[in-house]
Structure formats: structure tokens, C-alpha cells
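Enquirer: Here is a sequence with its predicted model. Questions after.
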Amino acid sequence: MAKKRKWWSGLLVVSLVGVLFTGCSTNNTASSPTNAPAATTAAESAAPDATAEPAADAPVDGGTIVLSTFSDIVNINPLLINDTSSGDIAQFVFASLYDLDRGGNVTPEPWSLAAELPVISEDGLTYTVKLKDTIKWSDGQPITADDVVYTIETGKNPETGSPLTSAFDKVKTVEKVDDQTVKFTLSQIYAPFLYALCQAIVPAHILKDVKPTEIQTNAFGTDPAKTVTSGPWKWTAWKQGESHTLDADPNYWGTVKPHIAQVVYKIYADQNTEVQAIMKGDTDHISAIPVTQVEAVKADGDIDIIQKPGAQYEYVMFNFDGKNFPDSYGLFAGQKTRQAIAHALNRQGMVDNILKGVGALMNAPFLPDTWADPGDAAVNYDYNAETAKKLLAEDGWVADAKDGILTKDGHRFSFELQYNAGNSRREQVAAVIQQNLKDVGIEVTPKAIDFAAWIDQNVTPGKFQALLLAWSLNTPDPDAESIFSSKYFPPAGQNSGWYKNEKLDQLWVDGYSTVDQAERKEIYKEVGKEISTDLPYVFLYQYGQAIGTGPRVHWAEEDAPEPSLGYGQFFHAIKWWVTD
């Protein structure tokens, strides 16, 4: 998966570019409960059969759509979502204040909680949001300003450990004006704040008595029977490691009702098994067909494929916390060492041979060809083993006489590279990294770990040596402070590599403290130069996910999946329908 910035994504994962279906929260997501309950006992309700098929272009009500993934959820509580699978489920069952249209613009959709765009004060510090007066929770209680105030206050509270902290810690006050009106007052200009308002809300009447320190272990978000929702579908069953069942809420408040009566989210062992399932007709939708199998799926003839570069990029993350290494000796402390690793990796070969050309090299955390792309201002590391060896020698690394592995101060240059199990692309990339670094005297041990457990136990708390992972960007804004600033170390922040660079810390603030895009662009050029020189990550490439949909699923052209958006694989899913 990838991480969402923003969320970690194991499929991709993620986020730095979300809706109903793509909620557009600017958080990077990844907190999870430490005592998630066993498989729930909530009974799965039978979905009604689809009605007799009418004209091909006319929607029908009823039926079941079967989606697939290879990673189970961690927690679907909107305060805690930090991975793709959790976000997949949450976007069907929770409504957001605002959503994104196909062009990535913030808008109040019929399924959004807000009635209109916010009123923004002339100084840019006050946002007044008007809620619809018809919105309700799945238990029948009205959704009011109290819920919005509770969500923001709890999300920004460091004791909660929420990935929302970075999006809402610039909110000085959030006030209830009346039941349908909320006023946000910022402590400073925060250019991406409109995107931050694309945030799902949680029910104050359910959670208000839960201590912030206990939110992560509360059953809300991990037990369908105890998770009150607000979207078109309700979460009715979870068979851990097997499936989730979502049933259309008969009392859903929206003026646009879902056509599909039931959504089943099936969990497979890996991406290859997912592909087999959709080709056999066992599932209806796959969000990420491995590039090596796209042609085989196309040849099947019955599966519609949408493929183009998406809002995600892959990277190798270094951990700068010495406690993760033997004798607390951090292997990645030297800047030249990190630069050497960047030169040692055949990134273009990964794009050509693993992505089959469907990708673009990246040198900084901004998607290619977007307004914030720093272009030549960022350092490009060509594939050059000799340059890598030279930089390693300059940083004090010496080859061992017996096996050629580098050593320094008595420490062997050997580390574990973690990635999520079941991701065929990452498995191949990890093998290339292992060989590329062996060629320059560095020993790498790739380790695949179940995604949900990995995020919870390793990624979120920053307990690893190096990661192969991705960000899925759920808003178009380039601000990435919550990923790279030392203000956001674990557990509340997403800087899980414990990276600190005071110059970058200030540049992120400069970047979001001005609204003028031309001025911001110049700041992000400087960010690109600094971050590509110092290298908290080796940025690998932007890539796309091939979305596959079976013949039972239908949509109008304006409601088709949109790969350029985070969660765009389910764009306007409320309007889709299925036939048999």
C-alpha cells in the first residue's frame, strides 16, 4: 500500500494529492489501535438482487459490488486513518465536510456535509462553514456543529496521536455559531486550509466522553457494531483477514442515494491473487493491477482498464533514530552516504523494467509537471556505482577484506529494508535495491511484513531501519510539512524517520504562509534543492495504478474513476450501479 498524505498506501499505499469519494483531507495517515477486536459478530445482511437490466445507460438499484485488496484495515475512525485500506472503507461510510471534483477543486457535493463553500475573511484567517440541515448519523442523531468542533479539537490534540494534527494545529479556535454553522479562526495564514476542510467528521455524542489517550484503543473504528457512520453505506460486518460488508443505509440523508445496495471488500493474499479473482469473475473491481499483468487482463476482454500516472510516488526512507540500529549507531547519518545510495540505485531501470515505462523519475516530493515541481532546481542522481563508491569512501566507509561489505567505526553497513507483503511491484524493487547496493558494498536484507501490522508496529512509531513505501497524495497542495518537519515526529506526526533539518522546517512554514502561487513556487524550488541534497528519502518515481472493473459495473462518463486523485478509483461511486 502507500501512505496517504496524505496516507500510507500498501496498494499504491497514502498523499501530495482526496472524494465521495475522495475525501480530501491533507493529513498523512497512520495511527492504529493496539487492541483491535477479533472478527466482529455483526451479521452480514443479504443485499437485494439487482433488478432486471433495463437500457444499458439507465441506472438500476440493488445488487452487490465486490471490491478487492491485499491488505486489511487498521482503523476506519477518521481521526486515525493512515493507510489505504482503512481509507477505502471509510470513504464509503463517512461523509466529509467537502469533497474534490475531477479537477481537484474543493466543492460541496450533494454527499458533502457542507451546504456551500466556506466564507473566508479578507485577511484569510477566518473560515465560516455552513452545514446542511438534513444531515444525520446512521443512528438517527443529527450531525451538527458540535460534531465538527469535537472532531477538530480532538484531531489537533497531541494526546490523541492523530495524523490530523498537522492539518489543524494552525486552528486557533473552532467555534459553534449555531447548530449548522462553524467558525474556524487560524493563528496564521495556511494556504492549504481549504483542502484540510475535506475532512470526515466523527460523532461527538458517541466519543465525547472518551479520553484523547484512549481514542486509539476505543472500539469506534474497529468494531462495526460500535461505529456510527454518516455516509451512503453502513459498515455491517468485518471478517478479519477475509472481508468487509457495507450495506446501503435505508435512512441515508443525502438527496443522491446510492444505487448499489451492498459493497463487499474482499481481502486476498497478494495482488496476483486479486487479478485471478477479477478475471474469474469473483470480484468486480481491482484498484491496482500489477504492470506485469495489465496486458493479460486486457486480453481477457471483459475487464475495463483505466491507466494513467496517479497521485502517488515511491521512495526509500532512511531512519535517523540511532535506537533502531545495533549499538545505536545510525548508518545513514552521513549526507554523502545517503547521496551515494541515491547514485547506486538504478531508478530508470525500475521505471523501464518494473513499471514498464508507466512512471516518471522524481527528485523531490512534488509530482512531475505540477506547479510546485522544482524541475532542475532539485538534484538528479544518475545511476553511477563508481560515484557511489567514491562518496562512501569520502564518508569513511572501508570494504571488509573478507566479503567486501563496507565497515566504519567497527560497524558493518548492513540494514533491513522493510516493505509490505503482497505488493508484487515492491518485491521486485526491493530485489533491485538489494543487488544495486551489494554492488557498492552495502548489505541489504529485504523484509516483507503484513501491511496492517507493519503500519501499526513499525511505520507509525518509527521502528525500522529503512522503508520501501509510497505516499498517496490526497490533495493537490504541495505542503509536506507533516512528513518532513521535526515538528511532526511519531506518534502524532508522520515524520516516522525522525528526520531533522532546521532549514527545511522553516521552508515548509514559508511555503504555506503565503497564498500567492508564484511566491510559493519559488519557495518550493528551494525546498526541492535542499531536500534533494540532504536526502531524508531517495525519491524513486511517480507511478500509476491500473484500475480494472468487471462487466457488471456501470457508470455515466462523468462518474468514471479518476486515477489522478487520491481514492479516485472510487470517484462518484455513489452513482455507480451493477447489473447481472
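Expert: Great, that's in hand. Residues are numbered from 1 along each chain as shown.
Enquirer: From here on, just use CA atoms for contacts and neighbour counts.
Expert: Fine.
Enquirer: State which helix of the protein is the longest.
Expert: Counting residues, the longest helix found in the chain (DSSP state H) is helix 517-534.
Enquirer: distance between whichever strand or helix holds Ala388 and the chain's centre?
Expert: Ala388 belongs to helix 385-394 when assigned by DSSP states H and E. Relative to its chain's centre, helix 385-394 lies at 35 Å (Cα atoms, centre = their mean, to the nearest Å).
Enquirer: before we move on, the earlier item: the longest helix of the chain - contacts with which helices or strands?
Expert: helix 335-344, helix 502-512 (3 or more Cα pairs under 8 Å, 6 or more residues apart in numbering; DSSP states H and E).
Enquirer: and the angle from the shortest one to helix 517-534?
Expert: Counting by axes from the mean of the first three to the mean of the last three Cα atoms, to 10 degrees, helix 335-344 points 100 degrees away from the direction of helix 517-534.
Enquirer: CA atoms only for helix 335-344 - export them in PDB, please.
Expert: C-alpha atoms of helix 335-344 as PDB (Å, rounded to 0.1, in the frame of the first residue of the first chain):
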ATOM      1  CA  GLN A 335      24.900  13.100   3.900                       C
ATOM      2  CA  LYS A 336      27.400  11.700   1.400                       C
ATOM      3  CA  THR A 337      26.400   8.200   2.400                       C
ATOM      4  CA  ARG A 338      22.800   9.000   1.500                       C
ATOM      5  CA  GLN A 339      23.800  10.600  -1.700                       C
ATOM      6  CA  ALA A 340      25.900   7.500  -2.500                       C
ATOM      7  CA  ILE A 341      22.900   5.300  -2.100                       C
ATOM      8  CA  ALA A 342      20.900   7.600  -4.400                       C
ATOM      9  CA  HIS A 343      23.600   7.200  -7.100                       C
ATOM     10  CA  ALA A 344      23.800   3.400  -6.500                       C
END
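Enquirer: That one packs against which elements?
Expert: helix 385-394, helix 424-438, helix 517-534, strand 537-543.
Enquirer: Please convert these to TSV, extending it with distance to Ser230, mean pLDDT and mean neighbour count.
Expert: As requested, the helices and strands packed on helix 335-344 are exported to TSV (distance: least, Cα to Cα, whole Å; pLDDT from 0 to 100; neighbours: other Cα atoms under 10 Å):
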stretch	distance to Ser230	mean pLDDT	mean neighbour count
helix 385-394	53	98	19
helix 424-438	35	96	19
helix 517-534	35	97	19
strand 537-543	33	94	25
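Enquirer: Pass me the low-pLDDT residue ranges in the chain, would you?
Expert: Applying pLDDT under 70 to the chain picks out residues 1-56.
Enquirer: if I look at the residue with the largest distance to the centre of it, how far off is Ile341?
Expert: What lies farthest from the middle of the chain is Ala401; by Cα atoms, centre = their mean that is 44.2 Å. Ala401 sits 21 Å away from Ile341 when distances are taken as Cα to Cα, to the nearest Å.
Enquirer: now do Pro309
Expert: For Pro309, the distance to Ile341 - Cα to Cα - is 26 Å.
Enquirer: Those two - which one has more neighbours?
Expert: More neighbours surround Ile341 than the other of Pro309 and Ile341, with 27 against 18 (other Cα atoms under 10 Å).
Enquirer: residues touching the closest residue to the more buried one other than its chain neighbours, list them.
Expert: Once flanking residues are discounted, Ile341 sits nearest to Ala388: 6.5 Å by Cα to Cα, 6 or more residues apart in numbering. Applying Cα atoms under 8 Å, 6 or more residues apart in numbering to Ala388 gives the contacts Gln339, Ala340, Ile341, Ala342, His343, Ala344, Val440.
Enquirer: I'd like those written out as a markdown table, with distance to Pro108 added.
Expert: Shown next, in a markdown table, are the contacts of Ala388 (distance: Cα to Cα, whole Å):
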| residue | distance to Pro108 |
| --- | --- |
| Gln339 | 45 |
| Ala340 | 48 |
| Ile341 | 45 |
| Ala342 | 43 |
| His343 | 46 |
| Ala344 | 47 |
| Val440 | 53 |
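Enquirer: Out of the residues you listed, which comes closest to Lys130?
Expert: If you rank the contacts of Ala388 by distance to Lys130 using Cα to Cα, Ala342 comes first, at 48.6 Å.
Enquirer: Tell me how many other residues crowd that closest one.
Expert: 27.
Enquirer: do you know how far it is from Gln545?
Expert: In terms of Cα to Cα, Ala342 sits 25 Å off from Gln545.
Enquirer: how far is the helix or strand containing Phe92 from where the chain is centred?
Expert: Secondary structure assignment for Phe92, by DSSP H and E: helix 84-93. Its chain's C-alpha centre and that of helix 84-93 lie 11 Å apart, by Cα atoms, centre = their mean.
Enquirer: Show the subsequent helix or strand relative to that helix.
Expert: Following helix 84-93 in sequence, per DSSP H and E, is strand 99-100.
Enquirer: Who are the packing partners of that following strand?
Expert: strand 106-107.
Enquirer: Please identify the pairing partners of the strand it packs on and their relative orientation?
Expert: Strand 106-107 has its sheet partners listed here by DSSP bridges as strand 99-100 (antiparallel).
Enquirer: Skipping its backbone neighbours, what lies nearest Val149 in space?
Expert: Val149 sits nearest to Val174 (Cα to Cα, 6+ apart), 5.9 Å away.
Enquirer: what about the one you found, is that helix, strand or coil?
Expert: At Val174, secondary structure determined by DSSP: H, G, I helix; E, B strand; the rest coil is strand.
Enquirer: go on, the one 3 residues further on?
Expert: The local conformation at Val177, judged by three-state DSSP, is strand.
Enquirer: show me what contacts it?
Expert: Neighbours of Val177 in contact, by Cα under 8 Å, 6+ apart: Ala145, Lys183.
Enquirer: Can you tell me how far His205 is from Gln545?
Expert: 39 Å.
Enquirer: how about the strands of the stretch 201-350 of the chain, start to end?
Expert: Assigned by DSSP state E, counting those that start in this stretch, the strands in the stretch 201-350 of the chain fall at 233-239, 243-248, 262-267, 285-289, 304-306, 312-318.
Enquirer: Equivalent analysis for the stretch 51-200 of the chain, please.
Expert: Along the stretch 51-200 of the chain, the segments classed as strands by DSSP E, counting those that start in this stretch run 64-69, 99-100, 106-107, 119-120, 126-130, 171-178, 181-186.
Enquirer: quick one: buried residues of stretch 249-257?
Expert: The neighbour-count check on stretch 249-257 (16 or more other Cα atoms under 10 Å) flags Asp249, Tyr252, Trp253, Gly254, Lys257 as buried.
Enquirer: Now the terminal residues of it, how far apart.
Expert: 9 Å.
Enquirer: What of stretch 318-338?
Expert: With Cα to Cα, one end of stretch 318-338 sits 8 Å from the other.
Enquirer: repeat for stretch 248-265
Expert: Using Cα to Cα, the two ends of stretch 248-265 sit 14 Å apart.
Enquirer: and for that stretch, what are the contacting residues?
Expert: 47-48, 59-69, 89, 110-111, 134-136, 138, 140, 230-234, 243-247, 573-578.
Enquirer: coming back round to it: between the strands of the stretch 201-350 of the chain, which one is closest to Tyr195.
Expert: Nearest of the strands of the stretch 201-350 of the chain (Cα to Cα): strand 312-318, 17.4 Å.
Enquirer: now the angle from that closest one to helix 424-438?
Expert: Using the same axes, to 10 degrees: strand 312-318 against helix 424-438 is 40 degrees.
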